[in-house]
Structure formats: structure tokens, C-alpha cells
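In: Build me a structure from this.
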Amino acid sequence: MFKWYPATIILKKSVKELPLPYLELRIDPGSKFTGIALVEIETETIVWAMELEHRGLSISENLTARSNVRRGRRNRNTRYRPMRPNHKKQPGWLPPSLQHRVYTTMTWVKRILALAPIKSIAVERVKFDMQKLENPEIEGIEYQQGTLQGYTLREVLLEHWGRKCAYCDAVNVPLEIEHIQPKSKGGSDRFNNLTLSCHQCNQNKSNQSVEEFLKNDPVRLNNIKKHQKQSLRDAAAVNSTRNKWFSW
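Out: Take a look at the predicted model:
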């Protein structure tokens, strides 16, 4: 008597067992995407590959939105209560937006291990020199001095942006320090995310991204992006998670 489940194949003659190929699982971690591939070592043939997209930025935005809702509720209903102190973070702690990269990648690794005869795993443990990315000529004691050595932040911005509003070229008016990418949308307080604007442009831009605010002025948008220094957000994310793959 035969059953449909589980599915079974009955061979009519004996078959010589073929040796399994020597497969290596190779992982190339990244900030926004992680590449995963199965490679046959003897022939260096890629048997299977995929690109895993991470959602770290959306996690960060959701946590910020939740924090704002909690803060508003506390101000409305329980202003008399003192703010709860932050819990002490354990050694090796990562924010959820970064820990997510590790969890999702390891989930896929476990799925592949259950399906393929993998004999080794190779992970690219790249490490970025953050200061070298901003200044390729940095060396020696300059690593300890920082970008603003001998300057204040406002003086550097005035010199970098030509002492005028980045959005309307206004001069001889009070200039305010402004975030190119708003903090509410993942922007940081680093120098590469700061510019100068007059009060009116700062109010008009509000919490819009620079792409939204200057969507009708592509020439100015392109000039600002060229003038803006390179963001190190992705490099920092890779550096923070590079050793987490080996703690499993």
C-alpha cells in the first residue's frame, strides 16, 4: 500500500551515490544590503546568490515616532511624574536598527544551512577608517585633533558655505545652522549634515528633506549635494556589526 504523503520516489535500479560538491557560503555584509552566495570551491562556480535588503532606517524612524508619541502622552497626562531613567546597556549592545541586520542575516544563514551541504562559511569583515574617508591625507597626530581643530563649528560652516544662505544666497543677514537632512528623518548633528540658511528659508524648509524643499530647483540641489561632505552613516553601521556574526 502506497501513500501520497510523504512523497516518495521508488527507484527501479540501483544508482551510484554521487559525491556532494564542496560548497562554501559567502557573506558580504553591508549597511543597506547584504550579499549572500553559495559557491562551489573546486570550480569557483556560483551555485546560488541573493541580495538581502535591510530596513534599518525604517526601524529607526518608527522608534523615533514611538518616542515622540510617548513624550507627548507623558506631557499631557502625567507631567507630575519624573522621567524614567534610561536602563543601563549591556556590553556589546547594538541599537535595534543595527541588531536587525545581524538577526535577518543569521536567519537566512540558518535556512540555507538546513537545505544545502555547506562545509564552510566565509564572511567579509571589512573595517572602514572613518577619518581617512573624510580626509585621505590624514596621518599621525592629526587623528587626535579632529575636523574642527582651531575652529568653532559656526566659523567652519561660514567658511565652508561661503557666508551666505545655502537656499537663497542671501548675504549680510543673520544665518542659522540648519540640518540638510532633518533629524526627524534620520539626519545627524555631524558637520556633513549641517549648512547655513537665513531665518525665512529655515522656517520654510521646516522638517522637509532637502530633495523635497528644492524639488523645483534641481541646479541648487545638485550644488548643495556636491558641496556637502560624504555621509559616514553606512560605514559606521558596517563597523558596528562586523564582529557580531561570530557571537552566534
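In: any idea which helix or strand of the protein has the worst average confidence?
Out: helix 142-145 (a mean of 62; mean pLDDT, DSSP states H and E).
In: Wait, E51 touches F33, no?
Out: Yes - judged on C-beta atoms under 8 Å, E51 makes contact with F33 at a distance of 5.4 Å. No exception for glycine: its C-beta is placed from N, CA and C like everyone else's.
In: Can you say which helix or strand has A235 in it?
Out: helix 233-241 (DSSP states H and E).
In: Which elements pack onto that helix?
Out: Under the contact criterion of 3 or more C-beta pairs under 8 Å, 6 or more residues apart in numbering; DSSP states H and E, helix 233-241 touches helix 96-115, helix 130-134.
In: wait, which of those is closest to V219?
Out: Closest to V219 of the helices and strands packed on helix 233-241, according to C-beta to C-beta: helix 130-134, at 26.1 Å.
In: buried stuff in the longest helix that the chain contains?
Out: Ranked by residue count and defined by DSSP state H, the top helix of the chain is helix 56-77. Buried residues in helix 56-77, counted by 16 or more other C-beta atoms under 10 Å: 56, 59-60.
In: Looking at the residues you listed, which is nearest R220?
Out: Distances from R220 to these, taken by C-beta to C-beta, are shortest for S60, at 28.2 Å.
In: Can you tell me, leaving aside adjacent residues, what's nearest to the closest one?
Out: S97 (4.3 Å; C-beta to C-beta, 6 or more residues apart in numbering).
In: Does that neighbour touch I59 like I think?
Out: Yes - using C-beta under 8 Å, S97 is in contact with I59, at 4.5 Å.
In: Could you say which helix or strand holds G92?
Out: With DSSP H and E as the test, G92 turns up in no helix or strand.
In: Next, count neighbours for it.
Out: 8 (other C-beta atoms under 10 Å).
In: and it, what pLDDT?
Out: Per-residue pLDDT puts G92 at 78.
In: how far away is it from H100?
Out: Distance, G92 to H100, by C-beta to C-beta, to the nearest Å: 16 Å.
In: do V219 as well
Out: Taken as C-beta to C-beta, the span from V219 to H100 is 38 Å.
In: I'd assumed S197 was in contact with W161.
Out: No - W161 is beyond contact range of S197, at 9.3 Å (criterion: C-beta under 8 Å).
In: Put the alpha carbons of stretch 217-224 into PDB.
Out: Taking C-alpha atoms only, stretch 217-224 is exported to PDB below (Å, rounded to 0.1, in the frame of the first residue of the first chain):
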ATOM      1  CA  ASP A 217      15.400  73.900  -8.200                       C
ATOM      2  CA  PRO A 218      17.500  70.900  -9.300                       C
ATOM      3  CA  VAL A 219      20.600  73.100 -10.000                       C
ATOM      4  CA  ARG A 220      20.800  74.400  -6.500                       C
ATOM      5  CA  LEU A 221      20.000  70.900  -5.100                       C
ATOM      6  CA  ASN A 222      22.900  69.500  -7.100                       C
ATOM      7  CA  ASN A 223      25.200  72.200  -5.900                       C
ATOM      8  CA  ILE A 224      24.400  71.600  -2.300                       C
END
